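A.B. asks: Here is a sequence with its predicted model. Questions after.
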Amino acid sequence: MNAMPYKTKAARILDILLIAGFFCLVFVLSLRRLSDYDLWGHLKAGEYFFKTGTILSTHYFNCSWPEFPYLNHEWLFQAISYGLYNSGGEALLVALQIFLVLSSFILLYKTVRLYSGNIRVIVFVLALGVLASSHRFVLRPQHFSYVFLLINLYCLHQYTKGRTGYLYLLPPVMLLWVNIHAESLWGIAVPAIFLVTEAAGVYYRHEKNTNLKKLFFVFILVVLAALINPFTYKTVIWPFLVMSEQFAGVEELLPPTTLKYLPFWIYFGIFIFSAFFSIRRIKIHFLLISIFFSAIAWSANRGIPHFIFASAPVVVAGISRMLESFNNVIPACPGSFWRKDSRFSSANPPECGQARMTNYVFLLVNFLVNTFRIFIRTALLISILYLIFSVITSPKYFRKFDSVPYPEGAVTFIKDKGIKGNMFNLHGWGGYIVWELYPPVKPYIDNRFFHRKFFAEYEKILSGEMEWQYLLNKYKINIVLLNYSPTNDINLRDHLFRSSEWRLVYWDDYSLLYLRNEAGFSAINDRYAMHVVNPDTNRFSPDERDKAGMLPAFEDVRKNIENAEDSWLARFILGSMQYSSGDMQGSARSFEDALRLSLDPVPEIYFNLGQAYMATGRLSEAEKTLKKVIELVPDVQAYQALRRVYLMQGKNKEAETILNRHLERR
């Protein structure tokens, strides 16, 4: 590491605060409640391991293909996570999540410090890397892969510094890694790239490298350690197998091409720019490894953290070298400024250079430069603190399941009513259903499935193609649990609601629960089945002017609210029907309840509530509510409604103003 220029006391304090702020940011972003769809299946498989003493090797929990082979390369993670959950519940799993993420970035920080002492650069690069990869911070086996990959990289960086003893950490790390996650393949690929590059350099430069034999020997030990797992070589090649079987549409396997990955785009651009400047500072081995992981990151967004971990030393080294080149442009000159620096004295002053700047000019230039550096540190620290503040003050922060919509209400209904059978379910909810409902309820699919043939069948059922009845009968499905239709196309939800063989018995803000119309469910169907209301389409058959015809719809919604008390959608639909039937006071109360229960601001609730307030003469409240609608969605109807409120209040000027704003937007 090159000697750093003299730092003022303020700069040293700011550097300490920057480091502390960075790790606080990592902590806050990793302090998230359990939400990963795969985790629930892992917990159930871990429970299976503890109860039976064997590793789950088929899709045992499913009613569809329970005998389908399952290469359970994550068995040790399952045992660890279930053991922690069984001992301390969610808190211990969140603690594990925080520990693994923090450990990863501590290792990364130690690695980049091998190449630069410029804290400003280090914190900037790593903070950007954290933002780019934070979408992967929810607990999963891959978190162990982060730590093990960084241990590999750190040991190889130490090797280039002549500290070859670190290499002997790699085989025991691989022994753990290969039993926790199949990304242990990177524990072979990274040393392989490094070894080949090192050997090529020795060959072409005709140099002797006594450490190359040691590197090769350790690599052989790593490969042998990778075979010590229940599935031997199959675990090592599993990433290649699963990619050949993988179905389209899994979010983590999509390329990072949407705007949500903007921090990654920025980071990647900086990487490309800084790679040129890092060539003399860092071995080309690590540039090649970074390029390897960049290809993985661009093909699947789950690879972004790996790219950050591999490339951060390259980026930090490149930017630091560039800044040092810039600093060398400013000539040094003796004076009182240097007396605080032990490297300089009157007997050993810095050279003035050809410019022969006067001492006062020199002091002024250095004062301005150091002031600018302090400004940069301060701005970076404020940015990190702002990020932390924005995270912890978000209304969604640390909510149950990290605000992921699980069918918690429907699961509670199933448990309370003692419902048993085979369930067709949404793929993303499979692991949660296995964890909460198995064995009384066996899902059709869970998150461990990765076979194209199976997903072709799953999609046929979900889209309501002609085979849907045959396939549901084939697997003896008598329960269906789905989310709301993502489009207006006719699909399974529509067929089930219209069919005499099925009954919609529960719905809330996230899920729709259908039961087969059979003897075992007759009591539940008779009491809770919807006869008129289909919330998935939000259409009602009774004529709004026929109050008697509205009674069945009222009955449907009210009996559903008995079981879905926290559903804003149920209150919203009830309010809409009350408004149509002329019960303005009741509709206002229902819309107020919907507003209270909704986790996110819903423009439709505000608009309907504003209409109800207007109908009951509560004009000031109507004005406030309709303004909120315009703030969320500047809808034409909202402008017109607000204008009517102003006119009813006698605010003609405001009515004219809002009309002009509406015309401008058009």
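C.D. replies: On my side now, so go ahead. Residues are numbered from 1 along each chain as shown.

A.B. asks: what about residue 632, how many neighbours?
C.D. replies: 15 (other C-beta atoms under 10 Å). Any C-beta I mention is one placed from the backbone N, CA and C, and that applies to glycine too.

A.B. asks: residues making contact with stretch 598-612?
C.D. replies: 395-396, 399, 403, 509, 568, 572, 575-576, 579, 584, 587-588, 591-592, 594-595, 622, 625-626, 628-629, 632-633, 635, 637-638, 641-642, 645 (C-beta atoms under 8 Å, 6 or more residues apart in numbering).

A.B. asks: now that stretch: how far from the chain's centre is it?
C.D. replies: 28 Å (C-alpha atoms, centre = their mean, to the nearest Å).

A.B. asks: got it, and stretch 500-519?
C.D. replies: That offset, for stretch 500-519, works out to 31 Å (C-alpha atoms, centre = their mean).

A.B. asks: same check, this time on stretch 623-635
C.D. replies: For stretch 623-635, the distance to the chain centre is 31 Å (C-alpha atoms, centre = their mean).

A.B. asks: Would you indicate which residues of that stretch are buried?
C.D. replies: Buried residues in stretch 623-635, defined by neighbour count with 16 or more other C-beta atoms under 10 Å: 623, 625, 626, 627, 628, 629, 630, 635.

A.B. asks: Same question for stretch 646-665.
C.D. replies: Buried residues in stretch 646-665 (16+ other C-beta under 10 Å): 646, 651, 654, 655, 658, 662.

A.B. asks: Select only the buried ones of the contacts of stretch 598-612 in ChimeraX?
C.D. replies: To isolate the buried members of the contacts of stretch 598-612 in ChimeraX, using 16+ other C-beta under 10 Å:
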select :403,509,568,572,575,576,579,584,587,588,591,592,594,595,622,625,626,628,629,635,638,641,642,645
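
A.B. asks: ok so, going back, out of the buried residues of stretch 623-635, which are inside helices?
C.D. replies: 623, 625, 626, 627, 628, 629, 630 (DSSP state H).

A.B. asks: list the contacts for the first one?
C.D. replies: Going by C-beta under 8 Å, 6+ apart, residue 623 touches 642, 645, 646, 649.

A.B. asks: thinking again about what came up before, identify, from the ones in helices among the buried residues of stretch 623-635, the entry nearest to residue 149.
C.D. replies: residue 628 (47.3 Å; C-beta to C-beta).

A.B. asks: Distance check, the closest one against residue 606.
C.D. replies: 5 Å (C-beta to C-beta, to the nearest Å).

A.B. asks: export the ones in helices among the buried residues of stretch 623-635 to a markdown table and tack on distance to residue 231 and pLDDT?
C.D. replies: Output for those, formatted as a markdown table (distance: C-beta to C-beta, whole Å; pLDDT from 0 to 100):
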| residue | distance to residue 231 | pLDDT |
| --- | --- | --- |
| 623 | 66 | 93 |
| 625 | 60 | 95 |
| 626 | 62 | 93 |
| 627 | 61 | 92 |
| 628 | 56 | 93 |
| 629 | 57 | 92 |
| 630 | 59 | 92 |
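
A.B. asks: can you count the residues close to residue 277?
C.D. replies: 20.

A.B. asks: Please name the nearest non-neighbouring residue to it.
C.D. replies: In space, and not counting its chain neighbours, residue 277 is closest to residue 318: 3.9 Å by C-beta to C-beta, 6 or more residues apart in numbering.

A.B. asks: Check residue 231 too.
C.D. replies: residue 71 (5.6 Å).

A.B. asks: Name the SS class of the one you found, please.
C.D. replies: Under DSSP: H, G, I helix; E, B strand; the rest coil, residue 71 falls in the coil class.

A.B. asks: OK, contacts around it?
C.D. replies: So residue 71 contacts 57, 231, 234, 235, 238, 241 (C-beta under 8 Å, 6+ apart).

A.B. asks: Would you confirm that residue 127 contacts residue 23?
C.D. replies: No: assessed by C-beta atoms under 8 Å, residue 127 is found out of contact with residue 23, at 10.2 Å.

A.B. asks: coming back round to it: so of the contacts of residue 623, which ones are in helices?
C.D. replies: Those of the contacts of residue 623 lying in helices (DSSP H): 642, 645, 646, 649.

A.B. asks: Next secondary structure after the lengthiest helix in the chain?
C.D. replies: Using DSSP H, we find that the single longest helix of the chain is helix 359-392. For helix 359-392, the following helix or strand on the C-terminal side (DSSP states H and E) is helix 408-416.

A.B. asks: in that next one, what counts as buried?
C.D. replies: Buried residues in helix 408-416 (16+ other C-beta under 10 Å): 408, 409, 410, 411, 413, 414.

A.B. asks: what's the spacing between it and its chain's center?
C.D. replies: Going by C-alpha atoms, centre = their mean, where helix 408-416 is centred and where its chain is centred differ by 26 Å.

A.B. asks: which parts of the helix or strand that that helix is followed by are buried?
C.D. replies: Heading C-terminal from helix 408-416, the first helix or strand you meet, by DSSP H and E, is strand 421-425. By 16+ other C-beta under 10 Å, the buried positions in strand 421-425 come out as 421, 422, 423, 424, 425.

A.B. asks: Let me know the closest of those residues to residue 527.
C.D. replies: residue 421 (18.0 Å).

A.B. asks: Pull the contacting residues for that closest one.
C.D. replies: 441, 442, 476, 477, 478, 479, 516, 520.

A.B. asks: Turn these into JSON lines, including neighbour count and pLDDT.
C.D. replies: Below are the contacts of residue 421 laid out as JSON lines (neighbours: other C-beta atoms under 10 Å; pLDDT from 0 to 100):
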{"residue": "441", "neighbour count": "23", "pLDDT": "98"}
{"residue": "442", "neighbour count": "25", "pLDDT": "97"}
{"residue": "476", "neighbour count": "11", "pLDDT": "96"}
{"residue": "477", "neighbour count": "23", "pLDDT": "97"}
{"residue": "478", "neighbour count": "23", "pLDDT": "97"}
{"residue": "479", "neighbour count": "26", "pLDDT": "98"}
{"residue": "516", "neighbour count": "22", "pLDDT": "97"}
{"residue": "520", "neighbour count": "13", "pLDDT": "93"}
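
A.B. asks: rewinding a little: what's the farthest-apart pair in the buried residues of helix 408-416?
C.D. replies: Across the buried residues of helix 408-416 (C-beta to C-beta), the longest gap, 10.9 Å, separates 408 and 414.

A.B. asks: Run a quick neighbour tally on residue 320.
C.D. replies: Neighbour tally, residue 320, other C-beta under 10 Å: 26.

A.B. asks: and it, what helix or strand is that in?
C.D. replies: Applying DSSP H and E, one finds residue 320 within helix 304-327.

A.B. asks: In strands, which of the buried residues of stretch 646-665 appear?
C.D. replies: Counting by DSSP state E, no part of these is found in strands.

A.B. asks: From those, which shows the smallest pLDDT?
C.D. replies: For the buried residues of stretch 646-665, the weakest pLDDT value sits at residue 662, with 67.

A.B. asks: Of the contacts of residue 421, which is the nearest to residue 614?
C.D. replies: Of the contacts of residue 421, the one sitting nearest to residue 614 (C-beta to C-beta) turns out to be residue 479, at 43.6 Å.

A.B. asks: where does the closest one land in three-state SS?
C.D. replies: Under three-state DSSP, residue 479 comes out as strand.

A.B. asks: low pLDDT regions in this structure?
C.D. replies: Low-confidence segments of the chain, defined by pLDDT under 70: 1-7, 205-209, 243-249, 327-366, 450, 538-549, 662-666.
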